[in-house]
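**Q** Got a sequence here, can you model it:
(2 chains)
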Amino acid sequence: MTEISAALETLGDLLREIMTEPPAVLGPDSDMVDEFGLSSVDVMELISLVEDTWDIAFPLNDLASIRTLRQLAQRILDIGAAE
Amino acid sequence: MSLIERRFDPDNLPWQPDERSPLGRPVTVSGSPTRGVVNGKPVILAGTNNYLGLTYDPRCIEAAIDALRRHGTGTTGSRLANGTYTEHLLLEAELGAFYGLEYALTFTTGYQANLGMIAALGGSDGILMLDGECHASIFDGARLAGSQLYRFRHNDPADLGKRLRRLGERASDTLVVLEGIYSMRGDQPPLAELCAVARAAGACVLVDEAHSFGVLGRHGRGAVEQFGVEDLVDFVTGTFSKSLGATGGFCVSRHNLGYLVVLARPYVFSASLTPAVVASTRTALTIIRREPALRERLWANAHRVHEACTELGLLRTRCESPIVSVVLSRPENALDIWHGLIDHGLYVNLVAPPVSPGNYLLLRCSLCAAHTDQEIDGIIEAFRWLAGEYGESILHL
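**A** Below you'll find the model as predicted:
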């Protein structure tokens, strides 16, 4: 399993933990807000869990350019590599 | 969708802008801080943030009228241009003296105080670490700053410590932002623990006392006084629009704020506080200093309503502030409940996401020192109706 695939799988687990009714398929290139129906509160919770799971500091500013799980996974790996 | 279609999409609003919407519902107030008319019905006002009831204090009103006559209706200019009157400087000196701090700045609104201070302090090269339930003005200040922005779990010192640790050496470039009382649920922070964690990491601290100024602390200096952390806090911001009964905002500090004013864009590019507001605020500050009985009365009212709501099964939280918030589990009947409370003579705030801190709605009641025993009875009776009719709609977090 590649690093990005593993990150996507972990993110899927975190989303299922947060959402009361997660979509059956969490497509890596789907829009998390428009297609998954993630609320702003859910997004904040997801980022808290991401920080704890990868032990990184994830700046909220980065969210402006992230729409999909794949983009989020890539950003997590980039931050981890930089730290 | 075009820009216009997207911006004017009815789905953007929690409630459609019709005659049932609580958004911007006119409240007619005439002669009393605690009585008004909403939807044509006489109500007890318990959603105003008018904690000490000073909006109708005759001393504040007379001071405002006198200033209006002597100095006119507005300053028509920024503090950096023609908008600094002697009275602005006196108000700042009095605020500084109230806190025992050398430096104070006033802003035209409380929102602008947070926006200006946080943007100026954060800057593009700083780091801001905000409690997850901080007010929108604080998050907006962070966006204006362009700082790296992080949040920690609400009121959780261990979580703050963990997140500061992850910043490594950059923790010393960080401003931690907290509130004295959180406006929606009315809870207090574990301020001593949070400040200790922040200082141990080398971060500096700003506490927004918008809802705690005049409410907490032996002298009314807010949570920083109540929790004994005045020496650990770098900046205190606050508003004149709650306990002080006017409008405006401030920051006090031991650091020389004169170096910061040109960076605080809302300070530079807004007309300054009007003379009437400065005068009534100075008078209200004197009243807060001299009349602790107002604070005692406020807390007595808060405890009575909180205890009654607990007995009615509406609350399971401790009474930590004059804010009593009942959480609704079913948004579909929230409007019926809110209108029902008005029909039963009570005005409270109906708050929906994203203004409320979670994915739920709040009936937010704020008590006032000027509420009489009879009015408190009326508030409790309206909540008794709520518990009887809609008890199954109440959520306990």
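**Q** which ones are touching the residue in the stretch 151-300 of chain B positioned nearest to chain A?
**A** Using Cβ to the nearest Cβ, the closest approach of the stretch 151-300 of chain B to chain A is made by residue B:166 at 4.2 Å. To be clear about C-beta, it is placed using only N, CA and C from the backbone, and glycine gets the same treatment. Going by Cβ atoms under 8 Å, 6 or more residues apart in numbering or on different chains, residue B:166 touches A:51, A:55-57, A:83.
**Q** Then residue B:269?
**A** So residue B:269 contacts residue B:78 (Cβ under 8 Å, 6+ apart).
**Q** How about the backbone phi and psi for it?
**A** Backbone geometry at residue B:269, expressed as degrees, to the nearest 10, gives phi -110, psi 20.
**Q** mind checking how far it is from residue B:122?
**A** Computed as Cβ to Cβ, to the nearest Å, the residue B:269 to residue B:122 distance reads 18 Å.
**Q** average model confidence for stretch B:59-70?
**A** On average, the pLDDT along stretch B:59-70 is 98.
**Q** ok so, going back, looking at the residue of the stretch 151-300 of chain B closest to chain A now. What's its pLDDT?
**A** Confidence at residue B:166, expressed as pLDDT, is 95.
**Q** again, but for the one 5 residues further on
**A** In the predicted model, residue B:171 carries a pLDDT score of 97.
**Q** Is it part of a helix or strand, or is it coil?
**A** Following DSSP: H, G, I helix; E, B strand; the rest coil, residue B:171 is assigned to helix.
**Q** mind listing what it touches?
**A** Listed by Cβ under 8 Å, 6+ apart, the contact set of residue B:171 reads B:127, B:164-165, B:201-203.
**Q** could you redo the last one with a cut-off of 6 Å?
**A** By Cβ atoms under 6 Å, 6 or more residues apart in numbering or on different chains, the contact list for residue B:171 reads B:164, B:201-203.
**Q** Now it: closest residue in space that isn't a chain neighbour?
**A** Excluding the flanking residues, the one nearest residue B:171 by Cβ to Cβ, 6 or more residues apart in numbering or on different chains is residue B:201, at 4.1 Å.
**Q** my guess is the one you found contacts residue B:165, does it?
**A** No: using Cβ atoms under 6 Å, residue B:201 is not in contact with residue B:165, being 7.2 Å away.
**Q** Which one's more surrounded, these two?
**A** Shown here are residue B:201 and residue B:165; by other Cβ atoms under 10 Å in any protein chain shown, residue B:201 has more neighbours (20 against 13).
**Q** where do the strands sit along the stretch 101-250 of chain B?
**A** For the stretch 101-250 of chain B, the strands defined by DSSP state E, counting those that start in this stretch occupy B:103-107, B:127-131, B:148-152, B:174-179, B:204-208, B:235-239, B:249-253.
**Q** Contact residues of chain A facing chain B?
**A** Residues of chain A lying close to chain B by Cβ under 6 Å from any Cβ of the partner chain are A:39-41, A:57, A:59-61.
**Q** run the last query once more with 7 Å
**A** Within reach of chain B by Cβ under 7 Å from any Cβ of the partner chain, chain A has these residues: A:39-41, A:44, A:48, A:51, A:55-57, A:59-61.
**Q** Ok, which of the strands of the stretch 101-250 of chain B comes nearest residue B:383?
**A** Checking the strands of the stretch 101-250 of chain B against residue B:383 by Cβ to Cβ gives strand B:174-179 as the closest, at 25.8 Å.
**Q** Determine the set of other helices and strands touching the closest one.
**A** If you count contacts as 3 or more Cβ pairs under 7 Å, 6 or more residues apart in numbering or on different chains; DSSP states H and E, strand B:174-179 packs onto helix B:110-122, strand B:127-131, helix B:191-200, strand B:204-208.
**Q** Could you dump these into TSV with distance to residue B:291 added?
**A** Converted to TSV, the helices and strands packed on strand B:174-179 look like this (distance: least, Cβ to Cβ, whole Å):
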stretch	distance to residue B:291
helix B:110-122	22
strand B:127-131	31
helix B:191-200	25
strand B:204-208	24
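**Q** TSV please, covering these and showing mean pLDDT and mean neighbour count.
**A** Putting those into TSV (pLDDT from 0 to 100; neighbours: other Cβ atoms under 10 Å in any protein chain shown) gives the following:
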stretch	mean pLDDT	mean neighbour count
helix B:110-122	97	27
strand B:127-131	97	25
helix B:191-200	98	20
strand B:204-208	98	25
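**Q** Could you dump those into CSV with distance to chain A added?
**A** Below are the helices and strands packed on strand B:174-179 laid out as CSV (distance: least, Cβ to the nearest Cβ, whole Å):
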stretch, distance to chain A
helix B:110-122, 11
strand B:127-131, 8
helix B:191-200, 15
strand B:204-208, 18
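**Q** what about the ones you listed, which gets the closest to residue B:221?
**A** Closest among the helices and strands packed on strand B:174-179, once you apply Cβ to Cβ, is strand B:204-208, at 10.7 Å.
**Q** Mind listing the strands the closest one pairs with, and their directions?
**A** The pairing partners recorded for strand B:204-208 under DSSP bridges are strand B:174-179 (parallel), strand B:235-239 (parallel).
**Q** Let me have those strands in TSV, extended by mean neighbour count and mean pLDDT.
**A** TSV is the format used below for the strands paired with strand B:204-208 (neighbours: other Cβ atoms under 10 Å in any protein chain shown; pLDDT from 0 to 100):
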stretch	mean neighbour count	mean pLDDT
strand B:174-179	27	98
strand B:235-239	27	98
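**Q** ok now the top helix by length along chain B, how far from the chain's centre?
**A** Identified as the longest helix of chain B according to DSSP state H is helix B:292-311. The chain centre lies 18 Å from the centre of helix B:292-311; the measure is Cα atoms, centre = their mean, to the nearest Å.
**Q** Just the mean pLDDT for stretch A:21-39, thanks.
**A** 87.
**Q** what's the first-to-last distance across that stretch?
**A** One end of stretch A:21-39 sits 12 Å from the other (Cα to Cα, to the nearest Å).
**Q** what does that stretch contact?
**A** Here stretch A:21-39 makes contact (Cβ atoms under 7 Å, 6 or more residues apart in numbering or on different chains) with A:8, A:12, A:15-16, A:67-70, B:353, B:359.
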